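Student: quick one: sequence and predicted model below, then my questions.
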Amino acid sequence: MIPEAAVWLIILLPLLSFLIIGLVIRPFFNQKPEVAGYITIFFIGLTVILSIWAFASVLDSEHYKVDFDSTRYGFLEGIGFPDISFGVMLDGLTAIMLLVVSFISLIVQIYSLGYMKGDPGFARYYAWMSLFTMAMLGVVIASNLAMIYFFWELVGLCSYLLIGFWFHKPSAAAAAKKAFIVTRIGDLGFLLGMLYLYFKVGTLDIAELHALAIAGVLTGSVLTWGAIGIFAGAVGKSAQFPLHVWLPDAMEGPTPVSSLIHAATMVAAGVFLVARMFPLFMPEPGVMTTQMYVVAITGAFTAIFAASMALVSHDIKRVLAYCTVSQLGYMVLGLGIGAWAIAFFHLFNHAFCKCLLFQGAGSVSHATGTFDMRLMGGLRKAMKWTFFTFLLGTISMAGIWPLACFWSKDAIVHSAFVIRDDNPLIMICFIFGMITVFMTAFYMFRALFITFFGEYKGGAAPEHGHGHDNGHHGGLHESPKVMILALVILCVFAVGSGWIGLIDLDGGLENGGLFVDMLTAQPYETGVDRITEGSFVNDNLIAFENAGLLDSTNQVIEEYHPPQEVLHVGHGDHHEEVDHNGESSHGETYALEFEEHEQLGFFEMIIPSTEHGFPLAFASVLLAGCGILLAYLMYGSKKISAEAVGKAFKPIHTVLSRKYWFDELYEGIITERLGVNGLFRAFHWFDANVVDGVVNGVGSVATSSGKALSRLQTGQLQFYGLAIASGLLVILICFYIFT
Amino acid sequence: MDNSTLLLLVIFLPAVGAVLIAMFQHLPPRTIKLTAAAFTLLSCIIAFGLFFALDPSAGLQFGEPHDWFKIGSDSWVQFYMAVDGLSMPLVVLTAFLGFISVLISWKINDRPRQYFSWLLILETSILGVFCAQDLLLFFLFWEIEIIPMYFLISTWGSGRRDYSAMKYVLYTLFGSALMLAGILAVFFQTGTLNMEELPFATYSAAIPMAANFFLLLGGFIIKLPLFPVHTWLPDAHTDAPTAVSVMLAGALLKMGGYGIIRLCFSVFPEPAQDYAWVLAILAVVSIVYGAAVVFRQKDLKRLIAYSSVSHMGYVMLGVCALSTLSLTGAAFQMVSHGLITGLLFAMVGLAYGRTHTRFIPDLGGLARQMPIIAVVFIIAGLASLGLPGTSGFIAEFATLLGSFSSEINGIRLLTIIGATGVVLTAGYTLWMVERVFFKEPKERWDGLDDADALESVSVFSIVVLIIILGIFPPLLIEMLEPTLSLISVGS
């Protein structure tokens, strides 16, 4: 069993790497920057080993949760609020996420050895990358919302520093700033959600919040607004509509940074946060809540919305970026319909796949010096390894059986299908999800065909400021071996990671099995133990009653019946049935009850079918196939002219390629017109002319009245005598009148 | 030496240094600077020592009241200098920044004798305000501070320095007049000037308590500064020499916050609770309005000055919320803001010393030419926008969390509005960093030096303190909390 200190080491090792590079290597050994790379790889390698250890320990423990005798660092101690403390939480969710983050990060560091070679900021790059990894791992192990927020903001900082890595490029500096500020708008929601929860229940400890939500103590509008606040943070970090605008611009950073941001850190943090706080969204398994609808609709809309912009983009990294936003939309949709284990399964598969694709794009630009696909073409001959791995990644991302992303994406769509009945909102989400399947396949293969097929169009000179200056002009070439190594390792996972999710820890095979088992063991089952033992809740009964949260906590707990079976939405099980019980009691809420799932035969599992007997998986693969076919006709064989299609749908094309004018809306209209040049300008005018004007006015009145009075000082005795005499007269008159 | 002597040393060592420097006419500038540095360093070291010797839960320490002169029939003005958990951190902050401001003035060669004398007297007067426990003594130090400030701004300043210096003096004197009226009112009602006894004294009903409260408050909110009496600050900051800006932002503004907590909210809890919402509204206006005005600034120093208005709004908000956590957050914010904004002004000074312009559109791309200055400047900016790992985060987080959980009516809505300052701060800070340090380097700034060793050491030492407080906040929180919990409501 892993000791707590070792879990702390998981975040301390990358921090140490950051400190060594920042305080020793960068100032004193900047002549040998490659040392920084080796140090980072060494420490993150150790982190991977520790993460594996943590994973193994979690597998061994009861309820997939390792309990530590929490030695917590009281962060705001002294005020008598021990709940704001730093501690470690190690359960199934943490264990899987630790593996994903540390492993992807390791691969990215190895890849960067080749990609960043010769960049003058090499050591700085690895310093930020170490810090980035540490911050993300900190979010993952956190046991307290305040601690998540702490590392959450650090993740934002590192993305700022890395997106703006080539800060002398105006576009990079602007993109970095944009990423930070846009995500911070989401973080404001997160912060307010925390303030509200803390005000109402007096704790930010995650396990305690879980327990309170599951017990029904934390309920009603408190729960709704708290959860929506937290979700706002996730919307920012995971680039969901309407805060999606920063992610496509984040391409300005070095490509390995993009691959890390898009796979395992930053954008994954949002989905992770919602998964981590899931009982706040769905306190009773299977029962939809207001906050769940908000999440689901946001996700579904983002999925289709982002995919539409990917259809027309010419920059390969932008296509991938919109693809990420769209896939994150799927994950959020999965969370919103209660299939959180499946959503997390998709995060897992997507991480490898997207990391691979980005590194492939980086490899391509390493050869051609550009990310503009119109300048590429025909690369499959010169870059066999890159092509091969990119191809597999593309197939997987398009959701073709049996590659990794198929399993999870299909399961999410399927889950939406299962609960769609009598629920128009979820029905719309499902339709959006299906359309997005088609669009995903189309734009992914469009990128593949334009980049790797046809004739080479000559590339471009390396971008100014693009670190490496190794003369790409001498024809195409395959990338350095370290980069290929990273691609191949990732490729194995991009193809096969879905199968990991098929392993059921009970011994069988089931879609999302591992994830469902490991995730759903927490927190509902043990959360219930916590409540019945009453360790936390009982201690705080009085506090809650005072806070007006409940009339009698005991009553609530007695009424609470732990669910017999935790939620197994969308694991491809055709025995799922929709029950309408929830409707009668809750009106809008909708209950799902699942029978004990039986062990399925292999093919039944592969081809999940609906209750009507129609195999949904066929439909989605068929849709994807249509997308691929269309992409082939337009960009592969060129049977259909892409230009003609573009002309025929010119208005739509314009809307898409201008990204629905969101940048113009946010930057031009809201920030500049209404903000800086509108309201803020008015404030500034008010400050200078009214507030300060009054002050200066008072000053000048005093000065001028002083001047006026000073004229009376003529120095003529006669005048003074007259003044004295008239003064005396006035006094005498007053005296006479008043007495 | 016992601790009370040490406390007196902390306060008066700079003044002794000032007298020494002033007495000898023909000292070489280097000797003057070394003397100033030696005296302020010693004061700073002793202050740190006392910080760790203080027992935060034991009330006022390190000083006894001594009768000074008699007023009225049986009342004495006392010479009473002592510290508790609230004033100690501010003393350390002032002593530390006092030393740093001597170091960053190293390149001053225009009448250094006068300059360093005034600077050191300024430090003593601020330290005196934080330690005086007698109202008249408090007022004395409060007033002394105006004199060095006037000369420092009007002589070594830039731009419209005469206007700014005079504006500062008039504003402060206006506040002082109110404060003096308040002090007299308090004295005639209670017959005592001992600040320790004031909360427990009996007040005759002749003057409403609210009048006492607001008269005293008048002086403090100008110093803090709170909207709408903040306009002296951008002018004074912009035209003051670097070290004076550092002291002004770092230590002087805290006199306002300290006074509000120590004299207004502790002594008159009832009017404080009754009118907290009014002040909280002004605090939130300061936060949002101050931040909005920042976006329009093109002068780097003016920009940071307005951001100070916004940040000090959090102090007022936390105080008005009157919960232990919010008060602690507010006091933490005072220390944190002192370090962070002091550092920002120091960095502007370093950049200005090289480029000779603070006009933002003229700057740009400086990160290439002066990497050290850029790094520290960016760290300071990030700390100012409340990044975790820096003291700014703890201060903001504790203040907002405490304010939101407070019992005061309507404070939650105000906290939500105030929290939007978090986004605005990020916006203007990063925009400023982008315009000054990022983008293509400009040829006209080629060949400029980066910070030299002395400058690097002084600014990095501030960075270290900012990060220590950001990672080990209990260091400061445990110091502040016992004192502040006495005046909190409802917890």
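Tutor: Yep, that arrived.

Student: count the residues that sit near residue 10.
Tutor: You didn't say which chain, so I picked chain A. For A:I10, the count of nearby residues is 29 (other CB atoms under 10 Å in any protein chain shown). Quick note: C-beta positions are derived from backbone N, CA and C, even for glycine.

Student: please go with chain B instead
Tutor: 28.

Student: got the confidence number for the residue lying closest to A:A263 once chain neighbours are set aside?
Tutor: The shortest distance from A:A263 to any non-neighbouring residue, by CB to CB, 6 or more residues apart in numbering or on different chains, is to A:C355 (3.8 Å). You'll see A:C355 listed with a pLDDT of 90.

Student: pull out the buried residues from stretch A:321-329.
Tutor: A:321-329 (16 or more other CB atoms under 10 Å in any protein chain shown).

Student: how about the strands in the stretch 351-500 of chain A?
Tutor: Under the criterion DSSP state E, counting those that start in this stretch, the stretch 351-500 of chain A carries no strands.

Student: show me the shaky parts of it.
Tutor: Within the stretch 351-500 of chain A, the segments meeting pLDDT under 70 span A:421-422, A:459-475.

Student: one step back: closest to A:A173 out of the buried residues of stretch A:321-329?
Tutor: Distance ranking of the buried residues of stretch A:321-329 against A:A173, using CB to CB, places A:A321 first at 18.5 Å.

Student: pLDDT value on the closest one, please?
Tutor: On the pLDDT scale, A:A321 gets 91.

Student: equivalent analysis for B:I153, please.
Tutor: 92.

Student: show me the contacts for it.
Tutor: B:161, B:164-165, B:168, B:236, B:239-241, B:244 (CB atoms under 8 Å, 6 or more residues apart in numbering or on different chains).

Student: what's the closest non-adjacent residue to it?
Tutor: The nearest residue in space to B:I153 (CB to CB, 6+ apart) is B:A165, at 3.9 Å.

Student: B:I477 reaches B:Q333, doesn't it?
Tutor: No - look at B:I477 against B:Q333 with CB atoms under 8 Å: they stay out of range, at 12.0 Å.

Student: and A:V319, what element?
Tutor: Under the criterion of DSSP states H and E, A:V319 resides in helix A:316-336.

Student: cool, and A:G233?
Tutor: helix A:220-237.

Student: go on, B:I467?
Tutor: Per DSSP H and E: helix B:453-471 holds B:I467.

Student: which residues sit against that helix?
Tutor: By CB under 8 Å, 6+ apart, helix B:453-471 touches B:96, B:100, B:103-104, B:106, B:332, B:335-336, B:339-340, B:342-343, B:346-347, B:350, B:372, B:376, B:379-380, B:383, B:388-394, B:451, B:475-476.

Student: quick one: distance of stretch A:188-197 to the chain centre.
Tutor: 17 Å (CA atoms, centre = their mean, to the nearest Å).

Student: apart from its neighbours in sequence, what residue is nearest whatever residue of the stretch 301-450 of chain B ends up closest to chain A?
Tutor: Nearest to chain A, among the residues of the stretch 301-450 of chain B, is B:F438, at 3.6 Å (CB to the nearest CB). Residue nearest to B:F438 in three dimensions, not counting chain neighbours: A:A173, with 3.6 Å by CB to CB, 6+ apart.

Student: my read is that that neighbour contacts B:V436, right?
Tutor: No - using CB under 8 Å as the test, A:A173 is too far from B:V436 to be in contact (10.8 Å).

Student: right, and chain A sits closest to which residue of the stretch 1-150 of chain B?
Tutor: B:P56 (8.9 Å).

Student: farthest pair within the buried residues of stretch A:321-329?
Tutor: Pairwise over these, using CB to CB, the maximum falls at A:A321 and A:G329, 13.0 Å.

Student: which neighbours do these two have in common?
Tutor: With CB under 8 Å, 6+ apart, A:A321 and A:G329 have no common neighbours.

Student: now for A:M1, how many residues are close by?
Tutor: Neighbour tally, A:M1, other CB under 10 Å: 12.

Student: I'd assumed A:D60 was in contact with it.
Tutor: Yes - the pair A:M1 / A:D60 is scored as a contact, 7.0 Å apart, by CB under 8 Å.

Student: picking that back up, dump the contacts of B:I153 into TSV; add neighbour count as well.
Tutor: Formatted as TSV, those follow (neighbours: other CB atoms under 10 Å in any protein chain shown):
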residue	neighbour count
B:R161	20
B:S164	23
B:A165	23
B:Y168	24
B:A236	26
B:D239	25
B:A240	30
B:P241	22
B:V244	27
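
Student: mind listing what the closest residue to A:K481 other than its chain neighbours touches?
Tutor: Residue nearest to A:K481 in three dimensions, not counting chain neighbours: A:G114, with 7.5 Å by CB to CB, 6+ apart. Residues in contact with A:G114 (CB under 8 Å, 6+ apart) are A:479-483.

Student: do that again at 10 Å, thanks
Tutor: A:37, A:256, A:362-363, A:366, A:468, A:479-486 (CB atoms under 10 Å, 6 or more residues apart in numbering or on different chains).

Student: again, but for B:D362
Tutor: Going by CB under 10 Å, 6+ apart, the list of residues near B:D362 reads B:298, B:355-356, B:435-436, B:442, B:444-445.

Student: one more: B:A305?
Tutor: B:230, B:233-238, B:240, B:245, B:248-249, B:290, B:293-294, B:297, B:299, B:341, B:344-345.

Student: how about residue 132, phi and psi?
Tutor: Just going to use chain A. phi -60, psi -50 (degrees, to the nearest 10).

Student: my bad, chain B
Tutor: Torsion angles, degrees, to the nearest 10, at B:A132: phi -60, psi 130.

Student: relative to A:T386, how far out is it?
Tutor: 73 Å (CB to CB, to the nearest Å).

Student: can you give me the end-to-end span of stretch B:226-242?
Tutor: Distance across stretch B:226-242, first residue to last, is 23 Å (CA to CA, to the nearest Å).

Student: can you tell if it touches chain A?
Tutor: Yes - Stretch B:226-242 is in contact with chain A by CB under 10 Å from any CB of the partner chain, via B:227-232, B:234-235.

Student: with stretch B:270-290 instead?
Tutor: Yes - Stretch B:270-290 comes into contact with chain A (CB under 10 Å from any CB), by way of B:288-290.

Student: just the ones of these in helices?
Tutor: The members of the residues of stretch B:270-290 next to chain A that map onto helices under DSSP state H are B:288-290.

Student: which of these has the most neighbours?
Tutor: B:G290 (29 neighbours).
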